[in-house]
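[1] Output the structure for:
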Amino acid sequence: MSANIKRLKARIKSVDSTLHLTKAMQLVAAGKIRKATEQLASSRRYCEAMRTVIGALAKSTECASSPYVRGWEGDKAPENGRDVLIVIAGDRGLAGGYNANAFRLADTVPSDEIIPIGRRSIERVVNRFPEKLSRLGSLPTEGFKPEDSKAIAEDLAARFLSGEVKRIRIVSTTYVTIMTQTAVLSTLLPLNECVLPESRRMGFKAMKADGADIVGEGTGYMEFEPDPAAVLAVAVPEYLSSLLFGLVRESFASEIAARRVAMDAATKNGVVMKDDLSLQYNRARQGAITQEIVEIVAGSGK
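    Numbering: from 1, shown residues only. Coordinates of the predicted model:
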């Protein structure tokens with residue numbers, strides 16, 4: 001009986017210690033959500049503006065033959081063109097199924113080269129696919145800067161234009177609500193395959209980058225100097241950079257939301273577990289006291 005009481009007391013202490021950790025992580029995540037969603041909204045608005053320009057360029061006859069628009073499929077496809085996959089995951093765990101969902105989707109995508117963003121993604125590629133690790137290296141999601149996305153975008157755009165890369169895809173997580181985050185696969189290049197993921201929280205619907213879903217007037221007034229093809233060559237790296245940075249921001253917001261929900265659930269489960277263990281402890285302690293009283297009374301009667 002004494003050993004059982006000690007064991008219950010140790011478990012209660014352990015659960016209580018874990019509760020302090022989950023509550024702290026929940027509060028930290030709650031504090032970061034507002035800032036993360038504000039950054040997400042700003043990047044999404046910028047991406048939409050860039051998409052409008054890119055869509056107008058892609059619809060022009062001058063740019064129709066550009067590899068950026070039509071891709072490298074068919075007779076003109078490069079023999080050794082590589083499929084590049086960017087995988088965005090979290091820097092930490094304890095975020096429910098956030099990382100697992102992104103990795104599960106990434107496993108279904110064939111690739112010759114992987115650019116991991118996020119420490120969990122880096123660890124996974126280094127351990128499981130070291131031969132596919134990109135020469136561009138890897139970066140964490142928290143603290144990801146526009147300069148980082150620009151360097152990656154410029155390198156990939158140049159390699160795509162030369163034929164070294166034939167397709168660039170990205171696995172990210174789109175922020176639906178604070179309770180729901182969805183892993184999505186998007187194609188960045190070529191533009192005729194590129195579809196921006198939906199972001200219901202910010203009011204953005206899924207959009208095609210080549211302008212195919214632009215209806216009505218609004219793009220015909222655009223004039224490009226010196227010519228659309230020259231502007232496209234400059235705009236695509238900037239577009240890739242803004243899209244990559246925006247998807248990293250959206251994935252980071254999704255990670256924070258997923259962690260808050262996971263820690264909230266863990267805290268509630270921990271409270272229930274602690275209450276159950278406390279009830280067992282009190283019963284065991286009361287039983288031990290009752291047994292001692294019975295032994296004392298029985299001894300005094302002899």
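[2] what about this protein, any weak spots by pLDDT?
    Applying pLDDT under 70 to the chain flags the ranges 1-3, 73-79, 137-138, 195-222, 299-302.
[3] what's the residue closest to the geometric middle of it?
    The C-alpha lying nearest the average C-alpha coordinate of the chain belongs to Ser251 (Cα atoms, centre = their mean; 3.1 Å).
[4] so what secondary structure elements neighbour the helix or strand containing it?
    Ser251 is located in helix 228-300, with elements delineated by DSSP states H and E. Other helices and strands packing on helix 228-300, by 3 or more Cβ pairs under 8 Å, 6 or more residues apart in numbering; DSSP states H and E, are helix 2-59, helix 67-70, strand 82-88, helix 98-106, helix 146-162, strand 165-175, strand 181-189. For every residue, glycine as well, the C-beta is placed using N, CA and C.
[5] any chance of those in JSON lines, plus mean neighbour count and distance to Phe245?
    Conversion of these to JSON lines gives the following (neighbours: other Cβ atoms under 10 Å; distance: least, Cβ to Cβ, whole Å):
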{"stretch": "helix 2-59", "mean neighbour count": "16", "distance to Phe245": "6"}
{"stretch": "helix 67-70", "mean neighbour count": "21", "distance to Phe245": "19"}
{"stretch": "strand 82-88", "mean neighbour count": "23", "distance to Phe245": "11"}
{"stretch": "helix 98-106", "mean neighbour count": "20", "distance to Phe245": "18"}
{"stretch": "helix 146-162", "mean neighbour count": "18", "distance to Phe245": "4"}
{"stretch": "strand 165-175", "mean neighbour count": "25", "distance to Phe245": "11"}
{"stretch": "strand 181-189", "mean neighbour count": "21", "distance to Phe245": "12"}
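[6] Can you tell me which of the ones you listed is nearest to Val272?
    Put simply, out of these the one that sits nearest Val272 is helix 2-59, at 9.9 Å, with distance taken as Cβ to Cβ.
[7] mind listing what's buried in stretch 255-268?
    Counting neighbours by 16 or more other Cβ atoms under 10 Å, one finds that the buried residues in stretch 255-268 are Glu255, Ile256, Ala257, Ala258, Arg259, Arg260, Val261, Ala262, Met263, Asp264, Ala266, Thr267.
[8] how near is the first one to Glu113?
    When distances are taken as Cβ to Cβ, to the nearest Å, Glu255 and Glu113 turn out to be 24 Å apart.
[9] Double-check Asn4 against Ala284; I have them as touching.
    Yes - if you go by Cβ atoms under 8 Å, Asn4 and Ala284 touch, sitting 5.5 Å apart.
[10] Now do the same contact list for the closest residue to Glu238 other than its chain neighbours.
    Taking Cβ to Cβ, 6 or more residues apart in numbering as the measure, Glu238 lies nearest to Met50, with 7.0 Å between them; neighbours along the chain are not counted. Under the criterion of Cβ atoms under 8 Å, 6 or more residues apart in numbering, the contact list for Met50 reads Ala235, Glu238, Tyr239, Ser242, Leu243.
[11] And the residues you listed, which is closest to Leu188?
    Of all the contacts of Met50, the one sitting nearest Leu188 is Leu243; the distance, using Cβ to Cβ, is 6.3 Å.
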